[in-house]
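Student: Could you look at this predicted model? Sequence included:
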Amino acid sequence: MRGAVTKKDLLNFQGLTREEVFALLGEARRMKEENYRGLELSGRVIALLFEKPSLRTRTTLEVAAVHLGGHAVYLDQKQVGLGEREPVRDVAKNLERWVDGIAARVYRHETVEELARHARVPVVNALSDRAHPLQALADLLTLWEAFGTLEGLEVAYIGDGNNVLNSLLEVAPLVGLKVRVATPKGYEPEKVLLSWSGAVFTHDPAEAVQGAHALYTDVWTSMGQEAERAKRLRDFQGFQVTPELLNLLRPQGIFLHCLPAHYGEEVVEEVVHGPRSRVFDQAENRLHTAKAVLLHLLG
Ligand code: CP
Ligand code: NVA
């Protein structure tokens, strides 16, 4: 049994400083440039406890662990039954005896908080209904690479005020990003994050996009909201990212999307695969930022 340990979690960006965020981004950038492989996590194991599907998050965490000399164990909800077959606390108190860290993808943010409260090993939020911090780090690295700075960049986020937007808003003031948000009525992001970020808010997509450095969108129906899809498709009319909307960006402006994309809903295919798109750089950067996070929390 382990003794008392001071452990770090990454559930969102609360409590992180500007210096810590830039240290993670700098480390990710360095590891990307070096195509870094190391042994810092040799013999260390991270559990990936996922209630929902994933391509990018699961793969990048697994590959990141291997590149650092460690190992990941994937535990899906059908097997574990987090909160169903077994209470969240009990799962935490089992896992902490075997593994050195837990990355959890959950429906309710409270679940990842409960895991972090009860596990004595670091817990990483691999997406909850409220936040997706691993995605936001990759978004920042992508913007930094595209423009050589983050300070003063204007990013227009169009669509649903969801987990991806919440994390972008939360980290934005730490790195000097200026966010403009356009959502339909009733789909605004968390008020406290809007005011913390200093974001400009509108219900008009064109107004948000005009002259910005980047246009970011995400799905209108997130995982777990499938029953609302028909209503959402109606409510989000006018918020689709088309080549015309993209052309309102400044000339060197780029397109971002965390993926997966729902083509014909929030975006059309030619935007995702077009010349301004950086979505596959974002996807690649999930790996490099995941490596930086694992080193920071488990190294
Ligand atoms: N962007 C992202 O988190 O993708 P996955 O859902 O495939 O992990
Ligand atoms: N908002 C989306 C992000 C997927 C990576 C969801 O939660 O399903």
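Tutor: The structure has been received and is ready for your questions. Ligands and ions are numbered 1, 2, ... in the order given.
Student: going forward, measure contacts between C-alpha atoms and count neighbours the same way
Tutor: Fine.
Student: tell me the phi and psi of the residue in the stretch 101-250 of the chain that ligand 1 sits nearest to?
Tutor: Closest to ligand 1 within the stretch 101-250 of the chain is Gln135: 6.2 Å, counting by CA to the nearest ligand atom. Main-chain torsions, Gln135, degrees, to the nearest 10: phi -70, psi -40.
Student: Return the residues in contact with it.
Tutor: Gln135 makes contact with 164, 258, 286 under the criterion CA atoms under 8 Å, 6 or more residues apart in numbering.
Student: Can I get these in JSON lines including neighbour count and distance to ligand 2?
Tutor: Formatted as JSON lines, those follow (neighbours: other CA atoms under 10 Å; distance: CA to the nearest ligand atom, whole Å):
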{"residue": "Val164", "neighbour count": "29", "distance to ligand 2": "6"}
{"residue": "Cys258", "neighbour count": "20", "distance to ligand 2": "6"}
{"residue": "Arg286", "neighbour count": "28", "distance to ligand 2": "11"}
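Student: can you pull the contacts of Thr60?
Tutor: Contact partners of Thr60, counting by CA under 8 Å, 6+ apart, are 286-287, 290.
Student: May I have the residues that are in contact with Ala208?
Tutor: Residues near Ala208 by CA under 8 Å, 6+ apart: 156-158, 180-182, 201-202.
Student: which secondary structure element contains it?
Tutor: For Ala208, the element it lies in under DSSP states H and E is helix 205-209.
Student: Let me know the next secondary structure element after that helix.
Tutor: strand 214-217.
Student: That following strand - which strands sit beside it in the sheet, and in what orientation?
Tutor: Here strand 214-217 is paired, per DSSP bridges, with strand 154-158 (parallel), strand 254-257 (parallel).
Student: What count of nearby residues applies to the residue nearest to Arg286 when sequence neighbours are not counted?
Tutor: Sequence neighbours aside, Ala138 is the residue nearest to Arg286 in space, at 5.1 Å (criterion: CA to CA, 6 or more residues apart in numbering). Residues lying near Ala138 (other CA atoms under 10 Å) number 24.
Student: Confirm that Ala138 sits in a helix.
Tutor: Yes - according to DSSP: H, G, I helix; E, B strand; the rest coil, Ala138 belongs to a helix.
Student: list the contacts for it?
Tutor: By CA under 8 Å, 6+ apart, the neighbours of Ala138 are 282-283, 285-286, 288-289.
Student: likewise Leu248?
Tutor: Contact analysis of Leu248 by CA under 8 Å, 6+ apart lists 206, 209-212.
Student: And the strands in the stretch 101-250 of the chain?
Tutor: Under the criterion DSSP state E, counting those that start in this stretch, the stretch 101-250 of the chain contains strands at 101-105, 123-125, 154-158, 178-182, 200-202, 214-217.
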